[in-house]
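Student: what's the 3D shape of this:
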Amino acid sequence: MAADQEPPVIAGVRRSFVKARGVRFHVSEAGEGTPVLALHGWPQHHYTYRDLLGDPPEGMRVIAPDLPGYGWSGAAPHRWAKEDVASDLLALMDALGLKEDVLLVGHDWGGWVGFRMILREPERFRGYLVGNIAHPWSPPGVVARHAWRILAYQPLMASVGVPLQRRTRFLEWLIGSAAKGENRFDRETIEIFAERFRDPVVARSGRDTYRTFLTREVPAAVRNPERRRATVPVRALFGKDDAAVHYSLAAAQTARADDYTLELVERCGHFIVDERPELVRERLIALAAETATE
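Tutor: Below is the predicted model:
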């Protein structure tokens, strides 16, 4: 059963449980040196960073927590408002002693939450590598042109997400069809991700991620668009064949940021960390070198 499922084995990884802001975080880490906090999205968990964890770049300590209620982390004491999750993760950083000079990596909802973290406490972060997610300054017109992508699956997740994830093969189909060409997931990897969402806590967290977004966060963003400016260097990587999020939502021209670049990746879908792990590694190493201080 999903409740008894053990975390997938990644050689050399250190695992721990860390309590922060009411969440019992499951944390996987490997390597030593500059801390790299790596945040996953839906429908995944820390295993999306298996390549970085299994072979951390020299001089880096890769730390990949399961987000609240996801993977093997305990349930969130809230309904997955992204500002609340950002607070949870900042508290986790405190518990881990990560006060400054942290490289942040984020994908999907982990990337969305990551933007909130660098906007709230930029002094803690040295640079941000983010994959396949809109930035928080997307103009209303651009969002409207791609609203059909949201309507294709998010209302379904927000309403019947629990039985959909627990009782059907929807996630297996979604993950299996999202990657492109030679980068497609193998059956074992698909099951490692999808099976975890059969746990009721994890399924509810997935549902609440979308329910809160559609019912609270989208209306709030319409009333009060994001005005804060990013001062942390941001390097956005985006699989150009993403069917869920269009790359125009992450355009450099509309980012309110001092230093933001967008790199489009051909023949790559939504799951860029899984599909192009070697590229993610290269860009992380480059960001570390670019932002190094004497």
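
Student: can I get stretch 124-137 in CSV? Just the C-alpha atoms.
Tutor: C-alpha atoms of stretch 124-137 as CSV (Å, rounded to 0.1, in the frame of the first residue of the first chain):
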residue,chain,number,x,y,z
ARG,A,124,19.4,34.4,2.0
PHE,A,125,19.8,33.4,-1.6
ARG,A,126,22.8,33.6,-4.0
GLY,A,127,20.9,32.6,-7.1
TYR,A,128,17.8,30.9,-8.4
LEU,A,129,17.6,28.2,-11.1
VAL,A,130,13.9,27.7,-12.0
GLY,A,131,12.4,25.3,-14.5
ASN,A,132,9.1,25.2,-16.4
ILE,A,133,6.9,27.5,-14.3
ALA,A,134,5.5,31.0,-15.0
HIS,A,135,7.1,33.9,-13.2
PRO,A,136,4.8,35.9,-10.9
TRP,A,137,4.7,39.0,-13.1
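
Student: in it, what's buried?
Tutor: Neighbour counts using 16 or more other CB atoms under 10 Å place 124-137 of stretch 124-137 among the buried residues. Yep, even glycine has a C-beta here, placed from its N, CA and C like the rest.

Student: dump those residues to a markdown table, plus secondary structure.
Tutor: Conversion of those to a markdown table gives the following (DSSP: H, G, I helix; E, B strand; the rest coil):
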| residue | secondary structure |
| --- | --- |
| Arg124 | helix |
| Phe125 | strand |
| Arg126 | strand |
| Gly127 | strand |
| Tyr128 | strand |
| Leu129 | strand |
| Val130 | strand |
| Gly131 | strand |
| Asn132 | coil |
| Ile133 | coil |
| Ala134 | coil |
| His135 | coil |
| Pro136 | coil |
| Trp137 | coil |
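
Student: tell me the one among those residues nearest to His78.
Tutor: Pro136 (19.6 Å; CB to CB).
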